[in-house]
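> Sequence and computational prediction follow.
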Amino acid sequence: MPKLKNNNYPLDKLMLARRKAGFKQEDAARLLGISESTVRHHENGQSSVTIGMLRCYAELYGIEDYRDMLPSPKELSRHSIKR
């Protein structure tokens, strides 16, 4: 399964979708069968997330299209600049 290489930028939309759906990281992790640290690492960019996993998050959070949780090209370019 292809992975979204997040290059240490946070997947803010993933975190926002979780919060909007009313889940804590702990709740999402339990329901998805993964660790809370995995959820945290996916959200903060410390770990790559597969497209399949993004689809699981989307289904849990009631997001119709998993791509809605991906960073926009503008967000990607902002994080690709070395500081």
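Yep, that arrived.

> burial of Ala21, as a residue count?
14 (other CB atoms under 10 Å). In this view, the C-beta of every residue, glycine as well, is placed from N, C-alpha and C.

> residues contacting it?
With contact set as CB atoms under 8 Å, 6 or more residues apart in numbering, Ala21 has these partners: Leu60, Tyr61, Gly62.

> Give me the pLDDT for the first one.
Taken from the predicted model, the pLDDT recorded for Leu60 is 98.

> Isn't it up against Phe23?
Yes - assessed by CB atoms under 8 Å, Leu60 is found in contact with Phe23 at 7.4 Å.

> Common neighbours of the two, please.
Counting by CB under 8 Å, 6+ apart, the common neighbours of Leu60 and Phe23 are Leu31.

> Could you pull out the helices in this protein for me?
Taking DSSP state H to define them, one finds helices in the chain at 12-21, 25-32, 36-44, 51-61, 73-80.

> Let me have those helices in a markdown table, extended by distance to Arg67.
Shown next, in a markdown table, are the helices of the chain (distance: least, CB to CB, whole Å):
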| stretch | distance to Arg67 |
| --- | --- |
| helix 12-21 | 10 |
| helix 25-32 | 19 |
| helix 36-44 | 15 |
| helix 51-61 | 8 |
| helix 73-80 | 12 |
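
> The ones you listed: lowest mean pLDDT?
Mean pLDDT is lowest for helix 73-80 among the helices of the chain, at a mean of 64.

> Dump stretch 40-60 to CSV, keeping only the CA atoms.
Once non-C-alpha atoms are left out, stretch 40-60 reads as follows in CSV (Å, rounded to 0.1, in the frame of the first residue of the first chain):
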residue,chain,number,x,y,z
ARG,A,40,-0.4,11.1,17.4
HIS,A,41,2.5,10.4,15.1
HIS,A,42,0.3,10.4,12.1
GLU,A,43,-1.2,13.7,13.1
ASN,A,44,2.0,15.4,13.9
GLY,A,45,4.1,14.1,11.0
GLN,A,46,6.4,11.9,12.9
SER,A,47,5.2,8.9,11.0
SER,A,48,4.1,8.2,7.5
VAL,A,49,0.5,7.1,7.0
THR,A,50,-0.7,4.7,4.3
ILE,A,51,-3.6,5.6,2.0
GLY,A,52,-5.4,2.6,3.4
MET,A,53,-5.0,4.0,6.9
LEU,A,54,-6.2,7.4,5.8
ARG,A,55,-9.3,5.7,4.4
CYS,A,56,-9.9,4.0,7.8
TYR,A,57,-9.6,7.4,9.6
ALA,A,58,-12.0,9.0,7.1
GLU,A,59,-14.6,6.2,7.6
LEU,A,60,-14.3,6.5,11.4
